[in-house]
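Peer 1: Need a 3D model of the following:
(chains A, B and C)
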Amino acid sequence: MGKNAQTDGNDAISRICRVLASVPRGRVITYGDLAEMAGYPRAARLAGQTLRKLPRDTRLPWHRVINAQGRISLPEPGAQRQRERLEREGITLLKGRVELAKYRWQP
DNA sequence: TAATTGACTTACG
DNA sequence: GCGTAAGCCAATT
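Peer 2: Prediction:
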């Protein structure tokens, strides 16, 4: 047992991925909400850091994560790929922005 | 242990 | 609406 009663560190990633996997097709979530729903309020950057580490072939809907302004935070060339995937699910971007009022997912 | 980093957010001008 | 600045927080160095 133990020597280590602290959080596994890996926990944050697991929780965030779990929430991410629950975001339905055709909806989006902000970094802040993703972190908060995973149990890390105000740790939006943690969500971003987690996403950055995801393998390129992940099945998780990483593209459904956008910033609080409804804009894509991922730098090019990833941004183009994300935009493409979003539109493929019927999420239209107006002037590079997703209408959060319409597509934002919050249970 | 301390400093740096970052797919963020909010407040201001 | 846009750029800048400051605030936040866990992971990484």
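
Peer 1: tell me the mean pLDDT for the helix or strand containing A:T50?
Peer 2: Element membership of A:T50 [criterion: DSSP states H and E] is helix A:44-53. When pLDDT is averaged over helix A:44-53, the result is 98.

Peer 1: quick one: buried residues of it?
Peer 2: Applying a neighbour-count criterion of 16 or more other C-beta atoms under 10 Å, one finds A:A44, A:L46, A:A47, A:G48, A:T50, A:L51 buried in helix A:44-53. All C-beta spots, glycine's among them, are computed from the backbone N, C-alpha and C.

Peer 1: ok, which of those residues also contact DNA strand B?
Peer 2: A:A44, A:L46, A:A47, A:G48, A:L51 (C-beta under 7 Å from any atom of the strand).

Peer 1: what's the closest non-adjacent residue to the last one?
Peer 2: It refers to A:L51. Spatial nearest neighbour of A:L51, excluding adjacent residues (C-beta to C-beta, 6 or more residues apart in numbering): A:W62 at 5.3 Å.

Peer 1: Phi, psi for the one you found please.
Peer 2: Dihedral pair for A:W62: phi -60, psi -30, per degrees, to the nearest 10.

Peer 1: ok, now which ones touch it?
Peer 2: Counting by C-beta atoms under 8 Å, 6 or more residues apart in numbering, A:W62 makes contact with A:L20, A:L51, A:L54, A:Q82.

Peer 1: Wait, the last one touches A:H63, no?
Peer 2: If I follow you right, that is A:Q82. Yes: A:Q82 lies in contact with A:H63 (C-beta atoms under 8 Å); the separation is 4.5 Å.

Peer 1: can you give me the strands for chain A?
Peer 2: Secondary structure of chain A, counting by DSSP state E: strands at A:29-30, A:65-66, A:93-94, A:97-98.
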